[in-house]
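In: generate coordinates for the sequence data below:
(4 chains)
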Protein chains: 2
Amino acid sequence: MVTIKDVAKKAGVSISTASYAINNDPRISKETKEKILEVAKKLNYHPYAAARNLKRKRTNNIGVFVDGFTGPVYPRIIEGIHAGSRRNNFNIIVSTGQSAKALLLERQVDGAVVIDRGLDDETLVHVAKHGVPIIVLDRDISGKNIFTSMINNEEVSYELIVSMIKKGYRKIGYVAGPVTSYDNLHRFKGFIKALTEYNLPTTYYYKGDFTKASGYRIGKEIIESSNDLPDFLFCANDEMAIGVLDSFRELNIKVPDDIAIAGFDNIELSMYCTPKLTTVAIDHIKWGEELAQALVDILVNNATTINVNTKGKIIYRESC
Amino acid sequence: MVTIKDVAKKAGVSISTASYAINNDPRISKETKEKILEVAKKLNYHPYAAARNLKRKRTNNIGVFVDGFTGPVYPRIIEGIHAGSRRNNFNIIVSTGQSAKALLLERQVDGAVVIDRGLDDETLVHVAKHGVPIIVLDRDISGKNIFTSMINNEEVSYELIVSMIKKGYRKIGYVAGPVTSYDNLHRFKGFIKALTEYNLPTTYYYKGDFTKASGYRIGKEIIESSNDLPDFLFCANDEMAIGVLDSFRELNIKVPDDIAIAGFDNIELSMYCTPKLTTVAIDHIKWGEELAQALVDILVNNATTINVNTKGKIIYRESC
DNA sequence: TTGTACGCGTTATCAT
DNA sequence: ATGATAACGCGTACAA
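Out: Down below sits the predicted model:
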């Protein structure tokens, strides 16, 4: 392994001089600096992260911790975070599950964006308290050095429901995500607010878990086990909406004529399913960029608050 | 920050005893070990990765470096790699672009799976030579400590084309991915082999780049700028096939009646587009698991070869 | 079974 | 402008 020692020796300077040159310290003369950098290049020297991190007590890595890598939403947020991080010379490390926990606990990242329900509150609070700032998405948790960023779920859901009420729908149902999801919770609040305001029944409630499979199951159940059908279903995300669509197609329920449907997220599939899905669009990439910038501000500029909130935009298509 | 020193002091033992206990060294008595672990737990001690890595000269991290996080294929491979890594107590670090390069060069990973055209051969060869084993996918590159894993692209493509020839298709076209792609190259070879064998013209060739947009463009061009149309189009991946489908729909070309289409990858969308796409299924998750296992074998068991190849399976649907 | 002491590669303080 | 050296936290060879 080629170390800074080798560079120093070959360049005929001391180790500290080599280090200064490599780290752009101004007190090194131009010529020696150039000489050293040239040697470093020739030897293909790269600082050894483990040693540098140990000494500096930071890594220049930002962690992005997600539930999983599949799915239509996370990849886009990550893409954005990557762009924002690189602009600030931070590397991004994406991980999940136990890997993510280890990376956090053993301090292989300086800060993190967490969209991973699998990472327990206790761990997050602990590492945050000890100096690793954390931004959580879709989660209600607070503590020193923990920040949250959200979508205006409640407002936009409310707006969507009201617009459907004005179109004449009266028996409006909600296909819910997991109760642990902040997003789900606030979409539901908007839904309830609209129905309450218009004195409509709130009994059409179906419990899913954000997966297409749960939507499919719910679609079947609604049709097969009840004769009081809703006329419009607001699904807490697109994937469930598409699952419902699948089951309705099999059961010969016409959308939107028999039952109208809307989703949330504007995933790619929502444009390709039949009928095309009315949904709420989120600019996930831009959101990710802003998240990274906010984290960097905390890390290098000692910012103590963040203000990253993203606005959903309703996109009307064929399903309602 | 709580260090092993704190643990040792609180437990009333020396630093090395604490270290032994934490690392399961057999020479520590059961009671002292339990005592130490208890104290570590209470203090919420976690070894500091930077220090441990520096001393051990390894990180227990496996890097997964991809072109980008979006798209239907990578996330599934990553999911598999994660599962395989965790089984062996390795953490996975997913990254891209400059972040990935830095992570490699500064040795923040012990080994890596690379599916990132942006990482140049030179970098890969260099770090591999210096002891970081690399498995590359969809790429032709060789060197010490560099391994490759592939799909049986050529065979399965050949098989697909032959089956179409037997159905009576004669004017068979190829919608190509980037020429830098090994996958594309071998799918093309299978295509050519079949056509040559059956004495069919190989003039229907269209140059895309694996994106849906390029497929869309090609679809338009084929119809608008030529009066000698192919009767079957084999697309080097599903995304381009779906782009072609989109353009054909707009141009009122019936699939498969006017022109039949097949893709490759069996992405989720291929089941939802109209008509449903005939394609080649790859079990990406299983592939990822095997990749991780192979890398671990190299890392801990000093394996010097790998044998991870995945077989595509043709799935006939409506598009041909 | 446990403790002492050194070294990993780097940065940074202090002296020259 | 440059060099000598201590320190970061951990693991381990060796001594006891």
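In: from here on, just use CA atoms for contacts and neighbour counts.
Out: Fine.
In: show me which residues of chain A are close to chain B?
Out: Within chain A, the residues that sit near chain B (Cα under 8 Å from any Cα of the partner chain) are A:1, A:46-51, A:53-54, A:68-70, A:72, A:75-76, A:78-79, A:86, A:90-95, A:98-100, A:102-103, A:105-108, A:130, A:269, A:272-273.
In: A:Phe248 sits in which helix or strand?
Out: helix A:238-250 (DSSP states H and E).
In: show me what secondary structure element comes after that helix.
Out: Next along the chain after helix A:238-250, with elements defined by DSSP H and E, is strand A:260-262.
In: need the next SSE after that following strand, C-terminal direction.
Out: According to DSSP H and E, the helix or strand after strand A:260-262 is strand A:279-281.
In: how about the following helix or strand past that next one, does it get close to DNA strand C?
Out: Using DSSP H and E, the helix or strand that follows strand A:279-281 in sequence is helix A:284-301. No - shown here: helix A:284-301 not in contact with DNA strand C (Cα under 7 Å from any atom of the strand), separated by at least 13.8 Å.
In: okay, buried residues for helix A:284-301 please.
Out: Neighbour counts using 16 or more other Cα atoms under 10 Å in any protein chain shown place A:284-299 of helix A:284-301 among the buried residues.
In: picking up where we left off before, keep only those of the residues of chain A next to chain B that are in helices.
Out: A:49-51, A:53-54, A:75-76, A:78-79, A:86, A:98-100, A:102-103, A:105 (DSSP state H).
In: out of the residues you listed, which is nearest to DNA strand D?
Out: Within those, proximity to DNA strand D (Cα to the nearest atom of the strand) peaks at A:Leu54, which comes in at 4.7 Å.
In: that closest one: neighbouring residues, count only.
Out: The tally of other residues near A:Leu54 (other Cα atoms under 10 Å in any protein chain shown) stands at 17.
In: could you measure from it over to A:Ala40?
Out: 22 Å (Cα to Cα, to the nearest Å).
In: same question for A:Ser16.
Out: From A:Ser16 to A:Ala40 the distance is 14 Å (Cα to Cα).
In: once you drop chain neighbours, what's closest to A:Thr180?
Out: Of all residues not flanking A:Thr180 in the chain, A:Arg139 sits nearest, at 7.9 Å (Cα to Cα, 6 or more residues apart in numbering or on different chains).
In: that neighbour contacts A:Ser181, correct?
Out: Yes - counting by Cα atoms under 8 Å, A:Arg139 does reach A:Ser181; the two are 6.4 Å apart.
In: nearest to DNA strand C, of the buried residues of helix A:284-301?
Out: Distances from DNA strand C to these, taken by Cα to the nearest atom of the strand, are shortest for A:Leu299, at 15.4 Å.
In: the closest one touches A:Gly111, doesn't it?
Out: Yes - using Cα under 8 Å, A:Leu299 makes contact with A:Gly111 at a distance of 7.5 Å.
In: grab the nearest non-local neighbour of A:Gly68.
Out: A:Thr96 (6.4 Å).
In: what do you get for A:Ala213?
Out: Looking at A:Ala213 with Cα to Cα, 6+ apart, the closest residue is A:Gly243, at 6.0 Å.
In: count residues in the vicinity of that neighbour, would you?
Out: Quick note: A:Gly243 (other Cα under 10 Å) scores 22 neighbours.
In: contact partners for it?
Out: By Cα atoms under 8 Å, 6 or more residues apart in numbering or on different chains, A:Gly243 lies in contact with A:Thr211, A:Lys212, A:Ala213, A:Ser214, A:Gly215, A:Tyr216, A:Arg217, A:Gly219.
In: what's across from A:Lys207 in the sheet?
Out: A:Ala176 (DSSP bridges).
In: need the contact list for A:Met203.
Out: Heads up, residue A:203 is Thr, not Met. Counted by Cα under 8 Å, 6+ apart, A:Thr203 has contacts A:Gly173.
In: next one: it from A:Leu233, what distance?
Out: 12 Å.
In: hey, what's the closest residue in space to A:Tyr74 that isn't next to it in sequence bridged with?
Out: The shortest distance from A:Tyr74 to any non-neighbouring residue, by Cα to Cα, 6+ apart, is to A:Val66 (7.3 Å). When assigned by DSSP bridges, A:Val66 has beta-bridge partners A:Ile115.
In: and A:Val66, how many neighbours?
Out: A:Val66, neighbours per other Cα under 10 Å, totals 22.
In: and A:Glu31, by the same measure?
Out: 9.
In: confidence score at it?
Out: pLDDT recorded at A:Glu31 is 89.
In: what helix or strand is it on?
Out: Applying DSSP H and E, one finds A:Glu31 within helix A:30-43.
In: low-scoring pLDDT stretches of the stretch 151-300 of chain A, where are they?
Out: The model of the stretch 151-300 of chain A has no residue with pLDDT under 70.
In: in it, what residue comes closest to DNA strand C?
Out: For the stretch 151-300 of chain A, Cα to the nearest atom of the strand, closest residue to DNA strand C: A:Val300, 13.8 Å.
In: how near is that residue to A:Tyr20?
Out: From A:Val300 to A:Tyr20 the distance is 21 Å (Cα to Cα).
In: now A:Ser95
Out: 34 Å.
In: who's more crowded, those two?
Out: Per other Cα under 10 Å, whichever of A:Ser95 and A:Tyr20 has more neighbours is A:Ser95, with 28 against 15.
In: that one contacts A:Ile62, doesn't it?
Out: No - checked against Cα under 8 Å, the pair A:Ser95 and A:Ile62 is beyond contact range at 10.8 Å.
In: re earlier: for the buried residues of helix A:284-301, which one is nearest chain B?
Out: A:Ile285 (10.5 Å; Cα to the nearest Cα).
In: hang on, the earlier thing: please name the residues that touch the residue nearest to A:Thr180.
Out: Counted by Cα under 8 Å, 6+ apart, A:Arg139 has contacts A:Thr148, A:Thr180, A:Ser181, A:Tyr182, A:Asp183.
In: need the contact list for A:Val308.
Out: A:Ser149, A:Met150, A:Trp287, A:Glu290, A:Leu291, A:Ala294.
In: from A:Gly131, how far off is the fourth one?
Out: Shown here: A:Glu290 relative to A:Gly131, a distance of 21 Å by Cα to Cα.
In: ok, now which ones touch the residue nearest to A:Gly68?
Out: A:Phe65, A:Val66, A:Asp67, A:Gly68, A:Asp116 are the contacts of A:Thr96 under Cα under 8 Å, 6+ apart.
In: that one and DNA strand D, how far apart?
Out: Using Cα to the nearest atom of the strand, to the nearest Å, we find A:Thr96 at a distance of 23 Å from DNA strand D.
In: need the pLDDT of that residue.
Out: At A:Thr96, pLDDT is 94.
In: give me phi/psi at it?
Out: Phi and psi for A:Thr96, reported as degrees, to the nearest 10, are phi -160, psi 160.
In: can you name every helix or strand that the helix or strand containing A:Lys5 contacts?
Out: A:Lys5 belongs to helix A:4-11 when assigned by DSSP H and E. If contacts are counted by 3 or more Cα pairs under 8 Å, 6 or more residues apart in numbering or on different chains; DSSP states H and E, helix A:4-11 sits against helix A:15-22, helix A:30-43.
In: may I see the buried residues of that helix?
Out: A:Ile4, A:Asp6, A:Val7, A:Ala8, A:Ala11.
In: correct me, but A:Ala21 touches A:Ile36?
Out: Yes - using Cα under 8 Å, A:Ala21 makes contact with A:Ile36 at a distance of 6.8 Å.
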